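Student: Next one to model:
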Amino acid sequence: MKAYLANGLFGMGDRLLNSLIASKIREEIDEIDLYVPQENDAINDKNSYADSVTIAKADMNRLRDSEFLVAVIDGVEIDSGVAAEIGAFYMMDKPIFALYTDVRQQGRDNKEKIQGLIKDGTENQFMYRNLFVVGLIKQTQGGIYSEVEDLIQGIKDYFKR
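Tutor: Numbering: from 1, shown residues only. A predicted model of the protein is given here:
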């Protein structure tokens, strides 16, 4: 089974998170061939050179070969590369499993938070995700998960069908 992990890969936090997610997926899902772009030194060793076309072709080939996409949608904005990968993968009509770990998802039923937002739009206690990108994910048979363990279980459940 082939899959692709989409997330930012330039900051230490993203690289560590990618390694953690990849490790857990590889540990939990038998016979997974998980492509993690940061592990592809041919295009992502920044001491070397790969032009934009080389990078796009390499990653698109891996997207096409993948049965599903794991996309991390954390951050102030969804990483632009991740958003592009989600859009491209959506067009292939394959499942997208997104990981969204932002703690501001908590307390959605807190009436004070809701009232604060209604009273003053700058008192937004929640995190915004681009609705177009979220809509693409929701139209696939994947889903959006808040925990790595739940994401892995969602993938397993999908492939048990």
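
Student: what does the model give the residue in the chain sticking out farthest from the centre for pLDDT?
Tutor: Within the chain, Lys119 marks the point farthest from the mean C-alpha position, 33.1 Å out by Cα atoms, centre = their mean. As predicted, Lys119 sits at a pLDDT of 93.

Student: Quick check: nearest residue in space to the most centrally placed residue in the chain, chain neighbours excluded?
Tutor: Of all residues in the chain, the one closest to the mean position by Cα atoms, centre = their mean is Ala71, 1.5 Å from it. Nearest residue to Ala71 in three dimensions, chain neighbours excluded: Ala6, at 4.4 Å (Cβ to Cβ, 6 or more residues apart in numbering). Yep, even glycine has a C-beta here, placed from its N, CA and C like the rest.

Student: in which helix or strand would I find Ala58?
Tutor: Counting by DSSP states H and E, the element that carries Ala58 is helix 52-65.

Student: Show me what that helix is packed up against.
Tutor: Helix 52-65 makes packing contacts with strand 2-6, helix 41-44, helix 80-90 when contacts are defined by 3 or more Cβ pairs under 8 Å, 6 or more residues apart in numbering; DSSP states H and E.

Student: Mind checking the pLDDT average for it?
Tutor: So the average pLDDT for helix 52-65 ends up being 94.

Student: Show me what the next helix or strand after it is packed against.
Tutor: Using DSSP H and E, the helix or strand that follows helix 52-65 in sequence is strand 68-72. Counting contacts by 3+ Cβ pairs under 8 Å, 6+ apart, strand 68-72 packs against strand 2-6, helix 12-28, helix 80-90, strand 96-99, helix 148-160.

Student: Put together JSON lines for these, with mean pLDDT and distance to Thr54 on each row.
Tutor: Compiled in JSON lines, these are given as follows (pLDDT from 0 to 100; distance: least, Cβ to Cβ, whole Å):
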{"stretch": "strand 2-6", "mean pLDDT": "97", "distance to Thr54": "17"}
{"stretch": "helix 12-28", "mean pLDDT": "96", "distance to Thr54": "21"}
{"stretch": "helix 80-90", "mean pLDDT": "97", "distance to Thr54": "15"}
{"stretch": "strand 96-99", "mean pLDDT": "98", "distance to Thr54": "25"}
{"stretch": "helix 148-160", "mean pLDDT": "95", "distance to Thr54": "30"}
